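Chemist: model this:
(one chain, ligands or ions: 1)
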Amino acid sequence: MQKRPRKCRESSFLIAIFLLLISCTSSTADREDYSPKFQQYYVQGGVLYQQYCSNCHQSNGKGLGRLYPPVDQSDFMEDNFEEVVCIIKYGKQGSLRVNDVDYNMTMKGNTNLTELEVAEITTFIYNTWSHKKGLVNVKEVTHILSSCNN
Ligand code: HEC
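Modeler: Residues are numbered from 1 along each chain as shown. Reported below is the predicted structural model:
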């Protein structure tokens, strides 16, 4: 009978430690943007963006008139994250609406890109200009790519 309260105190102590650990972990997640992994993805993603995307979407992400939609301030990107990951790898044709402008063009896929490279480009475009999504890691991208409609 005497042991019970002590056990109880011990376990509430453990729960307190556990909660403390959880709160530490989540505050690290808030600071994800400054992690070395984020920086590595972001820098590499920027290089790849220049190489694979800026011809059409432009270095400033604003696109080109009615030919190429913007990737800066794109409501399509905000609303269709998973589809964007698929578009980067597999391309897109047919009609598409970005910020109330209709496009009906073709973007070729980049099937030569590795899953890591797709994750890096995605991290770059979702953290430059108006977007602030944080790290998009390769695990998430692999999962999304496995269910694209292609
Ligand atoms: C040859 C030109 C071209 C290149 C290169 C290109 N795109 Fe596109 N992209 C387009 C066109 C055209 C569309 C619209 C397709 C449609 O109308 O269905 C599009 C659509 C998109 C969209 C969805 C619409 C939007 O703007 O939110 C995203 C996101 C996007 N591209 C990102 C990229 C990324 C990232 C790369 C580099 C890996 C890339 N594109 C390379 C021409 C291009």
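Chemist: How much space separates residue 118 from residue 43?
Modeler: 16 Å (C-beta to C-beta, to the nearest Å). Using the backbone N, CA and C atoms, a C-beta is placed for each residue, glycine as well.
Chemist: For residue 61, list the residues it contacts.
Modeler: 70-72, 125, 128-129 (C-beta atoms under 8 Å, 6 or more residues apart in numbering).
Chemist: what does residue 118 give?
Modeler: Counting by C-beta under 8 Å, 6+ apart, residue 118 has contacts 85, 88-89, 141, 145.
Chemist: hmm, which of those residues are the buried ones?
Modeler: Among the contacts of residue 118, the ones that count as buried by 16 or more other C-beta atoms under 10 Å are 85, 88-89, 141, 145.
Chemist: Could you point out which of these is nearest to the ligand?
Modeler: residue 88 (4.8 Å; C-beta to the nearest ligand atom).
Chemist: Please list the residues of the protein that sit near the ligand.
Modeler: Within the chain, the positions near the ligand by C-beta under 6 Å from any ligand atom are 52-53, 55-57, 68-71, 74, 76-77, 84, 87-88, 92-94, 96, 98, 103-105, 107, 110, 121, 125.
Chemist: again, only this time at 5 Å
Modeler: 52-53, 55-56, 68-69, 71, 74, 76-77, 84, 88, 92, 96, 98, 103, 105, 107 (C-beta under 5 Å from any ligand atom).
Chemist: isn't residue 111 right up against residue 88?
Modeler: No. Residue 111 lies out of contact with residue 88 (C-beta atoms under 8 Å); the separation is 10.3 Å.
Chemist: in the chain, which residue is closest to the centre?
Modeler: Residue closest to the mean C-alpha point of the chain, counted by C-alpha atoms, centre = their mean, is residue 136 at 3.5 Å.
Chemist: Break the chain down into its structural domains.
Modeler: 1-30, 31-145 (automatic domain parsing).
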